[in-house]
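Undergrad: below is the sequence, then the predicted model.
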Amino acid sequence: MFKKRTMGVIVGAVAAALVFSGCASDGGGSASGEGDGDKPYVALVSKGFQHQFWQAVKSGAEQAAEEFDVEITFEGPDTEADVDQQIQQLQTALDKSPDAIGFAALDSQAAGPLLQQAKDSNIPVIAFDSGVDSDIPLTTAATDNLAAAAEAAKHMADAIGHEGKVALVVHDQTSVTGQERRDGFVDYMEENEPNIEIVDIQYGGGDQAKSADLAKAILAANPDLKGIYGSNEGSAIGVVQAVKELGLDSSTLTVIGFDSGKAQMDAIRDGLMAGAITQNPVGIGYETVKAAVEALDGKTLPKTIDTGFYWYDATNIDDEEIQAVLYE
């Protein structure tokens, strides 16, 4: 059995979008040319390109762009630690005078002045994946990260017998996603699992190598550790890499991940990872562009668009419904 939270992008459309557009871009690249004046132009600035998650988001955005007859560009910094590069990309996007902007913030506060510039220029802003510390975005298309992280914590607790020490390797503490995927996990444990102790929380910037080093350091300091949670694709893969390098047995250390990607899927099939939360990245990209179009049409948008999440493990990873929201 698995828990599901879902919304209006049907699974069939998601699967079709993955087939339709599984393309890759160079870091900082764009999905299509700038608007030529014949169609509305929506500039999307993501958190990066180094994870397959963002390629799946891009494919959903491209599907919506074709469906709603708009031009899009899709850019992101080289890594999810490059806040300054992302801010420059947002400035460059604004300089092109788009009709609307989609923005997934690496730092929930750093983009404030540029978002104000967009508002002053009457450019609607749609937040996606991660909200910002501002009321300027008209909506945020994202996973309910607090609930998703709580679901990860619940499965961790079940896997370790509801007692013992666990740790977290989180991708950052500046983005809303980083904060919520940490807090949702921690709050669930504090409220529901009195016999589970969180002994450490480290931040690896979503970098696999750094996250692996952090996981090894945590394990060295806590040889009786029973579980580690990695809060995004890079974090989780880094934890798995540490497990491999240390030759640890999955029966003694439970690894719970977040996101998908081939490495995590392989780790679950190989028994190195107990399971993970997958988002609906194609749905995030699709709903972002759809919301931008609706904003340009003068429609009122909800404060948030919940794009859903799923728990997957060895028992359901090959189910049709799960396969439709996994990304390699």
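TA: Good, I have the coordinates.

Undergrad: chain neighbours aside, what residue packs nearest to the residue most central in space within the chain?
TA: Nearest to the geometric centre of the chain sits Asp129, at 6.0 Å (CA atoms, centre = their mean). Spatially, and ignoring its direct neighbours in sequence, Asp129 is nearest to Ala104 (4.1 Å; CB to CB, 6 or more residues apart in numbering). All C-beta atoms are positioned from the backbone trio N, CA, C, and that covers glycine.

Undergrad: quick one: end-to-end distance for stretch 41-51.
TA: Start-to-end span of stretch 41-51 (CA to CA, to the nearest Å) is 25 Å.

Undergrad: now the strands for the stretch 151-300 of the chain?
TA: 164-170, 196-203, 225-230, 254-258, 275-279 (DSSP state E, counting those that start in this stretch).

Undergrad: let me know the pLDDT of Ser21.
TA: pLDDT for Ser21: 38.

Undergrad: over to the residue nearest to Asp129: give its phi and psi.
TA: phi -110, psi 100 (degrees, to the nearest 10).

Undergrad: wait, it sits on Phe49?
TA: No - the criterion here is CB atoms under 8 Å, and Ala104 misses it with Phe49 at 11.9 Å.

Undergrad: list the residues that contact both of these two?
TA: Residues touching both Ala104 and Phe49 by CB atoms under 8 Å, 6 or more residues apart in numbering: Gly76.

Undergrad: more neighbours: which of the two?
TA: Ala104 (29 against 23; other CB atoms under 10 Å).

Undergrad: list the residues that contact that one.
TA: 45-47, 76, 127-130.

Undergrad: now, among those residues, which is nearest to Gln116?
TA: Ala127 (14.4 Å; CB to CB).

Undergrad: list the contacts of that closest one.
TA: 102-105, 137, 139-142.

Undergrad: shaky segments in the chain?
TA: Applying pLDDT under 70 to the chain picks out residues 1-37.

Undergrad: mind doing that once more with 50?
TA: When residues are selected by pLDDT under 50, those of the chain lie in 1-33.

Undergrad: nearest to Trp54, out of the strands of the stretch 151-300 of the chain?
TA: strand 275-279 (11.4 Å).

Undergrad: who touches the closest one?
TA: 53, 143, 148-149, 151-152, 155, 236, 256-260, 264, 268, 307-314, 322, 325-327.

Undergrad: what do you get if the cut-off is 6 Å, keeping everything else the same?
TA: Here strand 275-279 makes contact (CB atoms under 6 Å, 6 or more residues apart in numbering) with 143, 148, 152, 155, 257-258, 260, 264, 309-313, 325-326.

Undergrad: can you pull the buried residues of stretch 301-317?
TA: For stretch 301-317, burial by neighbour count (16 or more other CB atoms under 10 Å) applies to 301, 305-313, 317.

Undergrad: next step: these restricted to helices.
TA: The helices, defined by DSSP state H, take in nothing from these.

Undergrad: between those, which is closest to Thr288?
TA: Within those, proximity to Thr288 (CB to CB) peaks at Ile305, which comes in at 8.4 Å.

Undergrad: I figured the closest one hits Ala141, correct?
TA: Yes - the pair Ile305 and Ala141 passes the contact test of CB atoms under 6 Å, sitting 4.3 Å apart.

Undergrad: overlap in contacts of those two?
TA: With contacts taken as CB under 6 Å, 6+ apart, Ile305 and Ala141 have Glu287 as neighbours in common.

Undergrad: which residue, other than its chain neighbours, is closest to Ile160?
TA: In space, and not counting its chain neighbours, Ile160 is closest to Lys226: 4.4 Å by CB to CB, 6+ apart.

Undergrad: repeat that for Thr139.
TA: In space, Thr139 is closest to Leu301, 4.1 Å off (CB to CB, 6+ apart).

Undergrad: ok, now which ones touch the one you found?
TA: By CB under 6 Å, 6+ apart, Leu301 lies in contact with 138-139, 291.

Undergrad: in those residues, which residue is surrounded by the most others?
TA: In terms of neighbours by other CB under 10 Å, the contacts of Leu301 top out with Ala291 at 27 neighbours.

Undergrad: skipping adjacent residues, who's closest to it in space?
TA: Nearest non-adjacent residue to Ala291 (CB to CB, 6+ apart): Ile126, at 4.8 Å.

Undergrad: for beta bridges, what are the partners of the one you found?
TA: The bridge-partner assignment for Ile126, based on DSSP bridges, gives Gly102, Thr139.

Undergrad: what residues are up against it?
TA: Ile126 is in contact with 102, 288, 291-292, counting by CB under 6 Å, 6+ apart.

Undergrad: how far away is it from Glu67?
TA: Ile126 sits 16 Å away from Glu67, going by CB to CB, to the nearest Å.

Undergrad: next: Asp144.
TA: In terms of CB to CB, Asp144 sits 25 Å off from Glu67.
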